[in-house]
Every structure is written in C-alpha cells, then in structure tokens.
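Peer 1: Predicted model, plus sequence, below.
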Amino acid sequence: MKRTTIEKLIFIAIVVGFCFALYITPKHGKLENEPGGGKKPEENEARTILYHGKFDQLANNSQELETKSPIIVVAKKLSDTQHVETTEDGTPKLFYSMSKVKIIKIEKDESKKLKIGDVIQCLEESVTNVEVDEEKVNLSLEGYRKMLQDSEYLLFLRPSTTGDNYVLTNSLLSKYAVSGEEPFDNPRDENPISAETEKLQKSYFEIYDELEEKYDLDR
C-alpha cells in the first residue's frame with residue numbers, strides 16, 4: 001500500500017472516514033486502556049465506533065503481500081499504549097495503539113537489524129475502552145481486530161517513516177493470528193459491513209488459506 005507517512009493513513013481512516021462512522025454495541029471485549037494490554041474481547045461493554053479506510057494497491061495474494069513486506073515475523077503481543085486526540089467538542093480526530101511485540105521467529109528481514117527476542121513497537125489503528133466525551137468507547141478501522149495480549153501473530157511490516165516503530169504494510173491484510181483467534185473483526189449483527197470491507201474480508205481469508213500451511217498457522 002502506498003503511504004508516504006503513517007499520519008496520512010490515519011488522516012484518511014479517521015478524518016475522511018469519520019463522516020461514515022458507524023455507532024454500534026459490540027459483542028467483543030474488554031481490553032485494558034492504560035496501557036492498552038488486552039483481555040478477552042467478550043468482556044468489553046464499551047460502544048464501538050468504526051471508521052472506513054481508503055486504501056491503494058493492497059496485495060491481491062500472499063505472494064504480493066510477501067513481496068511488498070520488507071519484514072515478516074512471528075511475534076507475541078506484550079502490551080500497548082493507546083493514544084486518542086479529540087477536537088474541542090470531544091470528537092476523535094486521531095487514534096492509534098503503539099503495541100509492543102516480542103519477535104519469536106524471523107521469516108524475512110531486509111534491514112538485517114532484527115534478532116529473535118527483540119521487542120519492537122507496531123502501530124495499530126484501534127483503541128479499546130477509552131474515554132471520549134465522558135463515555136467509554138472502542139475506536140477502530142472497520143474490520144481490524146486489535147492484537148490480544150500474550151497472543152502470537154504472523155506480521156507483515158515495514159519501518160515507519162515517522163519514528164522508531166513499525167507499521168503494517170497492507171493494513172487489514174497484514175496480521176494473522178498463529179492460532180485460536182477469529183482473525184477478521186465484524187462485531188455487527190444487524191448492519192452489514194461495507195462493500196469495500198467485505199471485499200477485503202474475502203481477500204483476507206483467501207490469503208490466510210495460502211499462508212496457513214507455509215507458516216504453520218492453526219485457525
């Protein structure tokens with residue numbers, strides 16, 4: 001995905017997408033907030049606000065995803081710190097989680113800098129159980145499920161252009177649970193997901209099928 005800076009993606013996903021935000025009651029769960037961490041999602045009673053992202057040239061298959069990703073690792077989520085900025089009237093204008101993950105296995109590293117056991121920070125476009133305008137809410141890019149604490153993931157990354165951290169190369173298509181977790185979030189019962197997200201969901205599971213045997217994933 002072509003992005004000059006991570007702020008550009010956040011701006012598109014939040015400021016532009018804000019007009020299309022959907023307010024719902026989720027059936028997934030409580031993830032701690034200071035720092036973010038992560039509990040089982042069934043426990044979260046906060047209302048969820050979803051934002052539609054706009055993407056260019058996402059991968060069509062696992063080969064493209066691997067080619068576009070300078071770093072591919074298996075990592076364990078340790079914790080996260082959540083960030084939310086609002087306007088004067090309390091409207092969210094920027095949100096993200098900076099998640100700490102410990103590298104368990106390195107599949108690809110064009111930088112030649114990473115080592116097994118390293119702890120790196122990954123930006124996620126999702127925050128959970130945060131207070132906005134005196135209400136507890138979850139804010140997330142539609143379809144994205146935030147990494148759970150102590151769970152392991154296959155991550156497709158690139159270095160951030162704005163700091164000492166990493167970003168997902170293909171947004172929703174760049175994170176795959178190693179085992180035991182529903183990978184693509186759709187908490188709505190009554191309202192269908194957007195056509196664009198439905199297309200991404202289809203691509204996600206097609207790529208997941210391709211990656212499953214190669215990287216020993218177990219859904």
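Peer 2: Received it, and whenever you're ready, just let me know what you need. Numbers count the residues shown, from 1 in each chain.
Peer 1: What mean pLDDT does stretch 126-143 get?
Peer 2: Stretch 126-143 shows a mean pLDDT of 89 in the predicted model.
Peer 1: now do the same end-to-end measure for it.
Peer 2: 10 Å (Cα to Cα, to the nearest Å).
Peer 1: next one: phi and psi at the closest residue to residue 169 other than its chain neighbours?
Peer 2: Using Cβ to Cβ, 6 or more residues apart in numbering and skipping the chain neighbours, the partner closest in space to residue 169 is residue 69 (4.4 Å). Glycine gets a C-beta too; all of them are placed from N, C-alpha and C. As for residue 69, its main-chain torsions (degrees, to the nearest 10) stand at phi -110, psi 110.
Peer 1: residue contacts, residue 69?
Peer 2: 108, 156-158, 169-170, 174 (Cβ atoms under 8 Å, 6 or more residues apart in numbering).
Peer 1: By pLDDT, rank these and give me the bottom one.
Peer 2: Of all the contacts of residue 69, the model is least confident about residue 170, whose pLDDT is 89.
Peer 1: Only alpha carbons, please: show the lengthiest strand in the chain as CSV.
Peer 2: Ranked by residue count under DSSP state E, the longest strand found in the chain is strand 92-109. Extracted as CSV, the C-alpha positions of strand 92-109 are listed here (Å, rounded to 0.1, in the frame of the first residue of the first chain):
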residue,chain,number,x,y,z
PRO,A,92,-12.0,11.9,18.0
LYS,A,93,-9.6,13.2,15.3
LEU,A,94,-6.7,10.8,15.8
PHE,A,95,-6.3,7.4,17.5
TYR,A,96,-3.9,4.5,17.5
SER,A,97,-2.2,1.9,19.7
MET,A,98,1.5,1.5,19.9
SER,A,99,1.9,-2.2,20.6
LYS,A,100,5.0,-3.9,21.9
VAL,A,101,5.6,-7.3,20.4
LYS,A,102,8.4,-9.8,21.1
ILE,A,103,9.9,-11.4,18.0
ILE,A,104,9.7,-15.2,18.1
LYS,A,105,10.7,-16.1,14.6
ILE,A,106,12.1,-14.1,11.6
GLU,A,107,10.9,-15.1,8.2
LYS,A,108,12.2,-12.1,6.3
ASP,A,109,14.2,-9.0,7.3
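Peer 1: partner residues bridging residue 138?
Peer 2: residue 48 (DSSP bridges).
Peer 1: What number of residues are in the vicinity of it?
Peer 2: For residue 138, the number of neighbouring residues by other Cβ atoms under 10 Å comes to 26.
Peer 1: Isn't it up against residue 128?
Peer 2: Yes: shown here, residue 138 and residue 128 form a contact pair, counting by Cβ atoms under 8 Å, at 4.8 Å.
Peer 1: closest to residue 133 among the contacts of residue 69?
Peer 2: Of all the contacts of residue 69, the one sitting nearest residue 133 is residue 174; the distance, using Cβ to Cβ, is 31.1 Å.
Peer 1: The closest one - how many residues pack around it?
Peer 2: Residue 174 sits with 26 neighbouring residues when counted by other Cβ under 10 Å.
Peer 1: biggest helix in this structure, by residue count?
Peer 2: Among the elements of the chain assigned as helix by DSSP state H, the one spanning the most residues is helix 195-214.
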